[in-house]
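In: Following is a predicted model, sequence given first.
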Number of protein chains: 2
Amino acid sequence: MHDHDVIIIGSGIAGGILGSILARNGADVLILDGAQHPRFAVGESTVPHLLARLNGLSVRYDVPEISHLQDIRTLTKEIGTSHGVKKHFGFQIHSEGAEPDFRQSVQAAIPKTLYRAGHLFRQDTDAYLFQVAVRYGATARQGFRVADVEIDDDGVTVIGQTGERLRGRYLVDAGGFRSVLADKLGLREQPTHVKHHSRSLFTHMIDVKRYDDVVDTPRRYQPPAPWYQGTMHHVFDRGWFWVIPFNNHKDSTNNLISVGLTLDERVYPKPRDKTAEQEFFEFVAKFPAVARQFEGARAAREWVSTDRMQYSSTRSTGARWCLMSHAAGFIDPLWSRGISNTVEVIDALAWRVLEALKTDDFTEERFEYVSKLERGLLDYNDDLTNCSLISFANFRLWDAIFRIWGFSSNYGAMRLTRAELQYDLTKDDQVFRDLEKAENTGFWWPDEPEMKRIWDLMVETCLKAEAGAMGYDEAADILHRELAASDLPPAALGYKDPDNQWINPSVLDLARFLRWSIKNGRPTVHDLASGLLRASLRKGIRRQKVV
Amino acid sequence: MHDHDVIIIGSGIAGGILGSILARNGADVLILDGAQHPRFAVGESTVPHLLARLNGLSVRYDVPEISHLQDIRTLTKEIGTSHGVKKHFGFQIHSEGAEPDFRQSVQAAIPKTLYRAGHLFRQDTDAYLFQVAVRYGATARQGFRVADVEIDDDGVTVIGQTGERLRGRYLVDAGGFRSVLADKLGLREQPTHVKHHSRSLFTHMIDVKRYDDVVDTPRRYQPPAPWYQGTMHHVFDRGWFWVIPFNNHKDSTNNLISVGLTLDERVYPKPRDKTAEQEFFEFVAKFPAVARQFEGARAAREWVSTDRMQYSSTRSTGARWCLMSHAAGFIDPLWSRGISNTVEVIDALAWRVLEALKTDDFTEERFEYVSKLERGLLDYNDDLTNCSLISFANFRLWDAIFRIWGFSSNYGAMRLTRAELQYDLTKDDQVFRDLEKAENTGFWWPDEPEMKRIWDLMVETCLKAEAGAMGYDEAADILHRELAASDLPPAALGYKDPDNQWINPSVLDLARFLRWSIKNGRPTVHDLASGLLRASLRKGIRRQKVV
């Protein structure tokens, strides 16, 4: 009847991870792709939420290879020397024609104690994960162009451009924007409900200078991690550059730097009379320090220039099918949520598919949560990115958003790490399933109502400022007052000091934060901290016993 | 008048190396390609002649990056951990349905003292060299599809599919088989004069076993280097497999193994009713030991199945243009001459182009030698490969050809190394230009008449055997008698002992060989050895002084 249990369209990072998980857990998986590895992909930056989720996926589904992506040491040792190190997530505000104001920069440094993150050289990570899927038994058909898909009560059929018909029990479209499944079922929301607007220009470059070397930063304003050792954003009104080096790690043999420019296309419409490279360097020339950084830099591949990047779908699951992550929708690379959102969806989808295969029950309701999750991931990312672009005109407003992102992400990553540790101790999948039981599906810290209130206030305030209903300074005042008054932003991590530009907790700060959370935190915060601490200690003790 | 000095079509390994050399030496270079890196390429195996020539190119044109390809340590340190180690070039004869006869295997081990070669993971070496060209100032236009080329007295014009016209002073087509220049000028020889016939099936695989682990080789017949640590050929009548691991080096993170099957298509016509994978595994199943090696192996990319691979051109240079290496012709991957022949041509072409640019003299005669060289490289490779395929039916005949290849290659590599050392001491380019002054252009040891006589006898004898004019045993007798009688095959390296299967000289053997060459060798051999020794010693002494 069926050639395979699950047919996955797309052999990129999403297809590779999901294929590995399903094949590792006994499913007969077919991965289809019109193209082949090796191939270029953008989306190289990682965030703590992603790192925690990679570890979670790895233990939950017993695919240790997935966790190799979360540490520059395992990236280098297991996948190769093409990845960069990421010690921070940092932003510098720029104004046209002016030297940057060192006070208008922020950085979230990544404590070594917690993570040693990398910039993923995607052509290598993606090929690696695809090969992991093949090694676990997935069948791969690359160079297979999908012409049509058919969904019926008994299964799914994928029809190739040669007329070949492949039959499976479940279909995942992880093929990105150009989705046959979305076309077939008319799933694209047109126009999209997404608020944010942007287009992008990007490439990989050679000989981009270290930003640290082109600015003479007074000691007082030097960031905790050198700018070149992390994910650097140069921000200006309604636009931003990214600079993501792969050549910044001691063991790296890669000379490339991922470089991009993202613009609100309503303010900066795509020009028809110049090349992407010309436009990029015109923007570079507006900002003296950025111009110095890119002096002599050369593209190692052709520039890509997109139109508006935002799209969405009315739903993303049904009986026997799922439109996964980038096939369902996309917002913007600003907050590096691409791979993060992808693995969120994989985590929610994989156990459901494995259960459906076992029970042979593929009813729509079983996958409903995944659809809700994808919509939530998209919408919270839309909120954050849209607010950010609005705020780039006013440092204090931007700083407030950066802080709200920062501490909500910290709590969110803690929540995942606690679950991973608890699972490691109990091997009870319910630990992960319980994570889904939260009000604000798709938000990284979904179960704290006070957080949601602050978030909604942030969105409302930014939209008012954008609409001219209040001034930007007033908007910034509202949010900073909220940050001062709320008991959520952890003082020990630096969120309460309005003059502090750097989130860079020491081990002692982390201990203080845990102590404060357990002693004075709200119930959710208290539970997170105490649960995390208990599980860490128990795991630590257990390890010692083994030794 | 001209947009660029030199326009190179093709950003593969040939375009990358030539582009680096020309740009490094002051030429304004444009590299065009319809596709982009990263991309798959086969031709991963290296031979000593190539290793020596890479070093020569590197010093002659002052591009140190080129020499990184010749040593697994620099490959790993400078380009990445995706390359395999190559400690030998080895062959095992197989018969259908039978276990292999351990006496019917030969191996040329690569002495550590001389080289530490690698299996090049081409997607990475090729992208690396392309980026080196860009760093030295070459302009790159990838995704540029060439529609037409025009050559006139004052320059060359490349016309893109969009109608864009690019003007240069010299044109190199390094774009491989599908050559716009060859089409335009009607350069393809049809039918080709090449004698050899073959087609090929290939891919990259995962989980190919080590051949050493699937055969129970008696101690007496164990090769000097384990089979899995080098380039393994499984040979049978009118066909052969290659197995080139990238996963066989201690620092490698690559799980892939390059795998291919090459067949005389007159004996094994390409089937229309089965996939390449089916056909490959049908051949694997014929040979029990090979079948064990491939048990559980899986393709990590789609199989490629070619038609007959041989093609040639009537000429490959003219005023203002060169059809380079694989754009001019191709024989067969058997003797790993692909990159080797490419760099031979680059070495002969580069200084001529640089001189022509300086003097603004692009007359045809200046490039005549390159055309002669390309034809010679093709024809000697044709001789060798054609004789090899004939001989696979008879181990003794095959063994004679292996030996003739072996010692002629040893002398050839010595000749290049001597020149490189002499150049290093004198910085006189005449040292390299003098290498071209030899009778047998395109042969790796072109200036020894006795060598040419043996070579011609080898070709004649094999063709007679193939035509049925003499038996295979008789043919083998003729060549082995010649090997015994000739004063060219060095006894110290193992070529004179008919029972010796392994070319595996120790340092002492190498010293003996040098002593014998200087004392008893023919004039060419004497000069090679004494020149090499003198230059080595002088360089060694000079280094000591610096220290």
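Out: Cool, the structure landed.
In: partners of the one helix or strand residue A:157 maps to in the sheet?
Out: When elements are assigned from DSSP states H and E, residue A:157 belongs to strand A:155-160. Partner strands and pairing direction for strand A:155-160 (DSSP bridges) are strand A:146-152 (antiparallel), strand A:165-173 (antiparallel).
In: got TSV for those, with mean neighbour count too?
Out: Yep, even glycine has a C-beta here, placed from its N, CA and C like the rest. Below are the strands paired with strand A:155-160 laid out as TSV (neighbours: other Cβ atoms under 10 Å in any protein chain shown):
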stretch	mean neighbour count
strand A:146-152	16
strand A:165-173	23
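In: Ok, which of the ones you listed comes nearest residue A:73?
Out: strand A:165-173 (31.4 Å; Cβ to Cβ).
In: Only the buried residues of the strand holding residue A:157, if you could.
Out: Of all the residues in strand A:155-160, those buried under the rule 16 or more other Cβ atoms under 10 Å in any protein chain shown are A:155, A:156, A:157, A:158, A:160.
In: In TSV, list the strands paired with strand A:155-160 along with mean pLDDT.
Out: As requested, the strands paired with strand A:155-160 are exported to TSV (pLDDT from 0 to 100):
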stretch	mean pLDDT
strand A:146-152	97
strand A:165-173	98
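In: Let me see the residues that make contact with stretch A:407-414.
Out: With Cβ atoms under 8 Å, 6 or more residues apart in numbering or on different chains as the test, stretch A:407-414 has contacts from A:47-49, A:51-52, A:443-446, A:448, A:451, A:455, A:488-490, A:493, A:495, A:524-525, A:528-529, A:532.
In: could you redo the last one with a cut-off of 7 Å?
Out: Stretch A:407-414 has contacts (Cβ atoms under 7 Å, 6 or more residues apart in numbering or on different chains) with A:47-49, A:52, A:444-445, A:451, A:488-490, A:493, A:495, A:525, A:528, A:532.
In: Mind pulling the model confidence for residue A:547?
Out: Among the per-residue scores, residue A:547 shows a pLDDT of 46.
In: follow-up on the earlier one: let's see the strand holding residue A:157 as PDB, backbone CA atoms only.
Out: The C-alpha coordinates for strand A:155-160 follow below in PDB (Å, rounded to 0.1, in the frame of the first residue of the first chain):
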ATOM      1  CA  GLY A 155      -2.400   8.200   2.700                       C
ATOM      2  CA  VAL A 156      -0.600  10.700   0.700                       C
ATOM      3  CA  THR A 157       0.900  10.600  -2.800                       C
ATOM      4  CA  VAL A 158       3.700  12.700  -4.100                       C
ATOM      5  CA  ILE A 159       4.000  12.900  -7.800                       C
ATOM      6  CA  GLY A 160       7.300  13.700  -9.400                       C
END
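In: any idea of the mean pLDDT for it?
Out: Confidence for strand A:155-160, expressed as mean pLDDT, is 98.
In: quick one: the helices in the stretch 251-400 of chain A?
Out: Along the stretch 251-400 of chain A, counting by DSSP state H, counting those that start in this stretch, helices occupy A:276-286, A:288-293, A:338-359, A:368-391, A:395-426.
In: follow-up on the earlier one: considering the buried residues of strand A:155-160, which is situated nearest to residue B:509?
Out: residue A:160 (57.9 Å).
In: what pairs with that closest one across the strands?
Out: Here residue A:160 shows beta-bridge partners residue A:146, assigned using DSSP bridges.
In: can you tell me which residues contact it?
Out: By Cβ under 7 Å, 6+ apart, residue A:160 lies in contact with A:144, A:145, A:146, A:147.
In: How about the last one, nearest residue that isn't a chain neighbour?
Out: Using Cβ to Cβ, 6 or more residues apart in numbering or on different chains and skipping the chain neighbours, the partner closest in space to residue A:147 is residue A:161 (4.6 Å).
In: can you pull the contacts of the closest residue to chain B within the stretch 301-450 of chain A?
Out: Residue of the stretch 301-450 of chain A nearest chain B, by Cβ to the nearest Cβ: residue A:302 (4.8 Å). Residue A:302 is in contact with A:203, B:36, B:142, B:143, counting by Cβ under 7 Å, 6+ apart.
In: quick one: which helix or strand includes residue A:53?
Out: Using DSSP H and E, residue A:53 maps to helix A:48-60.
In: In that helix, which of the residues would be classed as buried?
Out: Neighbour-count burial for helix A:48-60 flags A:48-60 (criterion: 16+ other Cβ under 10 Å).
In: Same check on stretch A:304-316?
Out: With burial defined by 16+ other Cβ under 10 Å, the residues of stretch A:304-316 counted as buried are A:305, A:306, A:308, A:309, A:310, A:311, A:312, A:313, A:315, A:316.
In: do stretch A:477-487 as well
Out: By 16+ other Cβ under 10 Å, the buried positions in stretch A:477-487 come out as A:477, A:478, A:479, A:480, A:482, A:483, A:486.
In: Next: stretch A:100-116.
Out: By 16+ other Cβ under 10 Å, the buried positions in stretch A:100-116 come out as A:100, A:102, A:104-111, A:114-116.
In: what's the average pLDDT for it?
Out: Taken as a whole, stretch A:100-116 has an average pLDDT of 94.
In: now the end-to-end length of it.
Out: 29 Å (Cα to Cα, to the nearest Å).
In: Measure how far it is from the centre of its chain, please.
Out: For stretch A:100-116, the distance from its own C-alpha centre to the chain's C-alpha centre is 18 Å (Cα atoms, centre = their mean, to the nearest Å).
In: Look up how far residue A:483 lies from residue A:396.
Out: Residue A:396 sits at a distance of 11 Å from residue A:483 (criterion: Cβ to Cβ, to the nearest Å).
In: Same check on residue A:390?
Out: Using Cβ to Cβ, residue A:390 is found at 18 Å from residue A:483.
In: and if you look at residue A:76?
Out: 38 Å.
In: and if you look at residue A:168?
Out: For residue A:168, the distance to residue A:483 equals 50 Å [Cβ to Cβ].
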